[in-house]
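[1] Sequence unavailable; structure follows:
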């Protein structure tokens with residue numbers, strides 16, 4: 001890894017930490033807090049707003065991937081070197097763990113807090129918010145990630161005259177995905193976002209973590225292939 005990339009890795013660490021802390025934090029702390037709870041819609045916007053905020057905070061530094069699936073998709077699409085992606089992914093996972101750790105410290109300060117009640121981890125079958133099956137969860141995470149990546153590829157394309165609004169488009173697409181997907185798996189579309197909370201929650205969250213790593217990566221690869229070779233195959237994508 002070249003030393004000049006370290007500032008990019010730090011940006012990805014911070015961005016992913018914020019995403020997990022604020023996104024999962026909205027579910028753990030404010031999601032169902034009696035009459036003051038923000039509910040599904042509020043949680044959806046918390047994730048999307050986190051991405052929007054970080055896009056404009058660190059986007060000019062690292063591109064604001066804050067998601068291993070996005071980084072892998074960028075490599076497959078030819079927009080990033082594989083060598084550089086390793087540092088990105090490590091930074092994202094560490095950032096997610098840090099975000100989940102901060103959230104755990106904050107949440108555990110409330111009397112009666114029990115990690116068994118969750119830290120925003122994802123799940124399927126009995127661990128699904130509305131008990132959706134493994135198949136439902138796998139299909140949802142794959143397709144939703146593919147949609148998310150297509151929005152990212154399109155909004156950041158050099159041919160897009162509205163490129164200055166890419167962060168807004170990407171963040172709002174994540175809101176949309178959460179509105180539909182929270183009842184199914186709690187929504188991952190981001191392996192790092194799932195890894196962080198799962199490491200603290202343990203148990204079922206760890207045993208089901210594979211789906212939230214495999215499905216988003218599969219979705220990102222599918223989107224990258226479709227984008228690169230079918231949607232905009234004539235564009236000269238730079239590594």
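    Happy to help now that I have it. Worth saying up front: this structure is predicted, and the values here are computed from it rather than measured.

[2] ok, longest helix in the protein?
    Counting residues, the longest helix found in the chain (DSSP state H) is helix 82-107.

[3] Report the mean confidence score over it.
    The pLDDT scores in helix 82-107 average 97.

[4] ok, and for that helix, which residues are buried?
    84-85, 87-104, 107 (16 or more other C-beta atoms under 10 Å). The way it works is simple: take the backbone N, C-alpha and C, and place the C-beta from them, glycine included.

[5] C-terminal to that helix, what's the next element?
    Using DSSP states H and E, the helix or strand that follows helix 82-107 in sequence is helix 134-155.

[6] So which other helices or strands are in contact with that following helix?
    Helices and strands touching helix 134-155, by 3 or more C-beta pairs under 8 Å, 6 or more residues apart in numbering; DSSP states H and E, are helix 68-76, helix 166-185, helix 211-226.

[7] picking up where we left off before, so how far is the longest helix of the chain off the chain centroid?
    Centroid separation between helix 82-107 and its chain, computed with C-alpha atoms, centre = their mean, to the nearest Å, is 11 Å.

[8] what do you get for stretch 20-39?
    With C-alpha atoms, centre = their mean, you get 17 Å for stretch 20-39.

[9] Please produce a markdown table containing the helices and strands packed on helix 134-155, extended by mean pLDDT, mean neighbour count and distance to residue 202.
    Formatted as a markdown table, the helices and strands packed on helix 134-155 follow (pLDDT from 0 to 100; neighbours: other C-beta atoms under 10 Å; distance: least, C-beta to C-beta, whole Å):
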| stretch | mean pLDDT | mean neighbour count | distance to residue 202 |
| --- | --- | --- | --- |
| helix 68-76 | 98 | 26 | 21 |
| helix 166-185 | 97 | 20 | 18 |
| helix 211-226 | 98 | 22 | 15 |
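
[10] would TSV of the ones you listed with distance to residue 40 be doable?
    As requested, these are exported to TSV (distance: least, C-beta to C-beta, whole Å):
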stretch	distance to residue 40
helix 68-76	23
helix 166-185	5
helix 211-226	19
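
[11] That's all I had, so thanks and see you.
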